[in-house]
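Trainee: turn this into a structure:
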Amino acid sequence: MKIYHNPRCKKSREGLQILEESGQEFEVIKYLVEVPTQQELKKLLQKLGYQASELVRTNEKVWKENYKGKELTEEEVIEAMVNHPKLIERPIVETSENAIVGRPPEKIKELL
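Mentor: Below you'll find the predicted structure:
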C-alpha cells in the first residue's frame, strides 16, 4: 500500500494517521519531491476510475493562471500534474488493485 502525501496538507496528515493506526504496512510517497511520472499517473487514474481532470486541484493558483478555461486533452492534463505536482489532489492511497482519494480522509478506511 502507498500513500501519496503532502505533509503540509491537513487532510493528507489525517489520512496518514488513519493508515498508521490501521497497523498495516505502507509506503509514504511525498509526491511533491518524488513526482509521479506520466505512466504512474495514468496507472493511478485507471485504479481510481478517474479522468485526469477529476484529480486536479482546480483552485490552485498555477491552474487558474495557466490552464483554467482551456480545452486540454487527457495527456495535457497529466503533463500539467507532472510539471506542477501541487495540482494533484491528495491524499491518494493505492493498493495493488485499487486507489482512492482520501477526501474526506475517512474514505481511506474503505481500502483497509
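Trainee: in this protein, what spans have low per-residue confidence?
Mentor: By pLDDT under 70, the chain has no low-scoring segment.
Trainee: could you pull out the strands for it?
Mentor: Counting by DSSP state E, the chain has these strands, from start to end: 2-5, 27-30, 92-94, 99-101.
Trainee: so can I have JSON lines of those showing mean neighbour count and distance to residue 53?
Mentor: All C-beta spots, glycine's among them, are computed from the backbone N, C-alpha and C. What follows is these, written out as JSON lines (neighbours: other Cβ atoms under 10 Å; distance: least, Cβ to Cβ, whole Å):
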{"stretch": "strand 2-5", "mean neighbour count": "23", "distance to residue 53": "18"}
{"stretch": "strand 27-30", "mean neighbour count": "14", "distance to residue 53": "22"}
{"stretch": "strand 92-94", "mean neighbour count": "24", "distance to residue 53": "15"}
{"stretch": "strand 99-101", "mean neighbour count": "20", "distance to residue 53": "13"}
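Trainee: distance from the helix ranked longest in the chain to the middle of the chain?
Mentor: Looking across the chain with DSSP state H, the single longest helix is helix 10-22. Centroid displacement of helix 10-22 relative to its chain, using Cα atoms, centre = their mean, to the nearest Å, is 14 Å.
Trainee: thanks a lot, catch you later.
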